[in-house]
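Chemist: Return a 3D structure for these sequence lines:
(one chain, ligands or ions: 1)
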Amino acid sequence: MKDDETVVAAKLPGELLERFSEFIAEKMCLHFPRERWPELIRGVRHAAKDFGQPGAEACIHWLLSTPLTTQQIEILAGHLTVGETYFFRAPQTFEALAAEILPELIRERLNNNQRLRIWSVGCCTGEEAYSLAILASRAVPDLKHWHVTILATDINPRFLHKAEAGVFGAWSFRDAPPWLQDRYFTPRPGERHEISHAIRKMVTFFPLNLASDAYPSLLNDTNAMDLILCRNVLMYFTPAQMEKVVEKLRHCLVDGGGLVVSPNEVSQSLFSKFESVHLRNAVFYRKPLPGALEPFADVIAPVEVAAPPPPPPELPALETAHDLFDKGFYPEVLSTLGTQPSDPQAMSLMARTLANEGKLADALIWCDRAVAAAALDPVMRYLRATVLHEQGNFEEAMKTYRRALYLDHDFVLAHFALGNLCNECGHHRDARRHFRHALMALEKLPAHQVLPESEGITAGRLEEIVRTLLESGETHD
Ligand SMILES: C[S@@+](CC[C@H](N)C(=O)[O-])C[C@H]1O[C@@H](n2cnc3c(N)ncnc32)[C@H](O)[C@@H]1O
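Modeler: Residues are numbered from 1 along each chain as shown. From the prediction side, this is the model:
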């Protein structure tokens, strides 16, 4: 006998289901071809209860006719996504990470900036991100002198709350190495285990929808990654969305940075702009080092100080550069701006472009020039602070965020970033104060308004993110 959803799928107009599948692909990347319509209907039937709709068909009509908030999209995603994960999933990948990928990265950084940035994309309930944190804590010598960032993002805030709580049942350990629980977890009632505080605090969880949120971006710290794990996520996406997401993830990597997918997502065509690196038991993709085309150092080296005008006919170039920046074409942004832009806006774009590529020292030079050229502009201070923040120069970053806020008390992004920095430094009470201030300022703005300097984040979206952060355990007094 056919199950309920197959029967409903057969009764609903095909045209409606087709339109709805396209809508889902656009809003959350997910792929529901005809053979998966029964699954789609099962998800919508459950979502209908949350949305107060009488059934699947009514819910589909309602979803297609209502401008949805991010929160509603997240609820829907919660019913349509697969939340399957566990510690050290695909052990051969983790072996390659432990034995080859991480040691190489660490060797490279040891005498350089001692900075390591890793992102678990589609982290689900956090097992992958914590597995990475455990590996990093074992591999990095003298951890407290390093600046290790492990970012973990997902579309589903319920998964993120569970991840942050850090308490896991036996099923999460189904393929874990025998030493894991003893060394890194404390037993809790009901055969559950809580992750150690030291590992917990290495990971930052953050809501991010791969279909609509901005990345790379300094704001959500998705830029200049050394290593991205995006496993068992792309396989659920439409081919067109896969391509878009992979291209954006490529821009989130530093040159030479690595992208790890699951063994069943390996594809020559999808990752054609990467080099495939074949290790003993795993394959990963490396963003190629720049060829002769993008000599960044040459582009910026000859410039001396923030040279004031003569005012050049620069505006159209700047507009084009902004456009290219939005598309993630960073080398093209730099060549459009030329070697010595004198407009502070162009300088700040130069800085953001370099920062998004992980060239932080060069980005800071341009921030300093932009600050010198527009001393009273809080945006330039903010930008300088974000670069210092990323360099791990927390003290100077904190001062510079405060200077930005001195120039504009209601500067939402500066409150938000300073809140994050305070959290990183363990000043949770101050973090809370800045998040609250950001929230008050955000509530005054229309939800759809794109925040200046945010690379496309709307006031409504940031408000939700700030609320999530305020609800999370870390910011509690
Ligand atoms: C099967 S889990 C993979 C978890 C982990 N990466 C692993 O391999 O064990 C897929 C995750 O992708 C997330 N996801 C699906 N669509 C997404 C989107 N558009 N943006 C961000 N995350 C998404 C889901 O919420 C889910 O947590």
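
Chemist: When you work out contacts or count neighbours from here on, use the C-alpha atoms and nothing else.
Modeler: Fine.

Chemist: Let's see the helix or strand containing residue 180 as CSV, backbone CA atoms only.
Modeler: Here residue 180 is covered by helix 179-184, with elements defined by DSSP states H and E. Extracted C-alpha coordinates of helix 179-184, given in CSV (Å, rounded to 0.1, in the frame of the first residue of the first chain):
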residue,chain,number,x,y,z
TRP,A,179,39.4,7.5,23.9
LEU,A,180,36.9,10.2,23.0
GLN,A,181,34.4,10.0,25.8
ASP,A,182,37.0,9.5,28.6
ARG,A,183,39.2,12.4,27.6
TYR,A,184,36.8,15.1,26.4
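
Chemist: what does that helix rub up against?
Modeler: Around helix 179-184, the neighbours that count as contacts under C-alpha atoms under 8 Å, 6 or more residues apart in numbering are 193, 195-196, 199.

Chemist: Following element in sequence after it, please.
Modeler: Next helix or strand after helix 179-184 toward the C-terminus (DSSP H and E): strand 185-188.

Chemist: which helices and strands sit right next to that next one?
Modeler: With contacts defined as 3 or more C-alpha pairs under 8 Å, 6 or more residues apart in numbering; DSSP states H and E, strand 185-188 has these neighbours: strand 192-195.

Chemist: Quick check: buried residues in the strand it packs on?
Modeler: By neighbour count on 16 or more other C-alpha atoms under 10 Å, the buried set for strand 192-195 is 193-195.

Chemist: In TSV, list these along with distance to the ligand and pLDDT.
Modeler: As requested, the buried residues of strand 192-195 are arranged in TSV below (distance: C-alpha to the nearest ligand atom, whole Å; pLDDT from 0 to 100):
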residue	distance to the ligand	pLDDT
193	18	96
194	18	97
195	17	97
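
Chemist: closest to residue 243 among those residues?
Modeler: Distance to residue 243 across those (C-alpha to C-alpha) is lowest for residue 195, with 35.1 Å.

Chemist: Next up, the contacts around the nearest residue to that closest one once chain neighbours are set aside.
Modeler: With C-alpha to C-alpha, 6 or more residues apart in numbering as the criterion, residue 195 has its nearest non-adjacent residue at 4.5 Å, and that residue is residue 185. Taking C-alpha under 8 Å, 6+ apart as the criterion, residue 185 is in contact with 193-196.

Chemist: Also residue 385?
Modeler: Contacts were defined as C-alpha under 8 Å, 6+ apart; by that measure residue 385 touches 396-401.

Chemist: Equivalent analysis for residue 457, please.
Modeler: For residue 457, the set of contacting residues under the criterion of C-alpha under 8 Å, 6+ apart consists of 213-214, 450-451.

Chemist: repeat for residue 422
Modeler: If you count contacts by C-alpha under 8 Å, 6+ apart, residue 422 has them with 428, 430-431.

Chemist: and the nearest residue to residue 172 once chain neighbours are set aside, which of the three is it?
Modeler: Residue nearest to residue 172 in three dimensions, not counting chain neighbours: residue 86, with 4.4 Å by C-alpha to C-alpha, 6+ apart. With DSSP: H, G, I helix; E, B strand; the rest coil as the basis, residue 86 sits in coil.

Chemist: and residue 86, how far is that from residue 72?
Modeler: Per C-alpha to C-alpha, to the nearest Å, residue 86 is found 27 Å from residue 72.

Chemist: Let me see the ranges of the strands in this structure.
Modeler: 115-121, 147-154, 167-168, 185-188, 192-195, 203-207, 225-229, 253-260, 275-278, 283-286 (DSSP state E).

Chemist: Who are the packing partners of the fifth one?
Modeler: With contacts defined as 3+ C-alpha pairs under 8 Å, 6+ apart, the packing partners of strand 192-195 are strand 167-168, strand 185-188.

Chemist: and those, which is most packed in?
Modeler: strand 167-168 (a mean of 20; mean count of other C-alpha atoms under 10 Å).

Chemist: Dump the contacts of residue 185 into JSON lines; add distance to residue 66 as well.
Modeler: Formatted as JSON lines, the contacts of residue 185 follow (distance: C-alpha to C-alpha, whole Å):
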{"residue": "193", "distance to residue 66": "42"}
{"residue": "194", "distance to residue 66": "41"}
{"residue": "195", "distance to residue 66": "41"}
{"residue": "196", "distance to residue 66": "44"}
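
Chemist: if we can go back for a sec, out of the strands of the chain, deepest packed?
Modeler: When these are compared using mean count of other C-alpha under 10 Å, strand 225-229 is most buried, at a mean of 25.

Chemist: CA atoms only for that strand, dumped as CSV, please.
Modeler: Backbone C-alpha positions of strand 225-229 (Å, rounded to 0.1, in the frame of the first residue of the first chain) are rendered in CSV as follows:
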residue,chain,number,x,y,z
MET,A,225,39.2,30.5,6.2
ASP,A,226,42.1,28.0,6.1
LEU,A,227,39.8,25.0,6.1
ILE,A,228,36.1,24.5,5.4
LEU,A,229,34.2,21.3,6.0
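
Chemist: Show me what that strand is packed up against.
Modeler: With 3+ C-alpha pairs under 8 Å, 6+ apart as the test, strand 225-229 has strand 115-121, strand 253-260 packed against it.

Chemist: between the ones you listed, which gets nearest to residue 321?
Modeler: When the helices and strands packed on strand 225-229 are compared (using C-alpha to C-alpha), the closest one is strand 253-260, at 20.3 Å.

Chemist: coming back round to it: with respect to residue 6, which of the strands of the chain lies nearest?
Modeler: Nearest to residue 6 among the strands of the chain is strand 147-154; the distance by C-alpha to C-alpha comes to 29.4 Å.

Chemist: List the pairing partners of the closest one within its sheet, with orientation.
Modeler: Counting by DSSP bridges, the strands paired with strand 147-154 are strand 115-121 (parallel), strand 203-207 (parallel).

Chemist: Lovely, talk soon.
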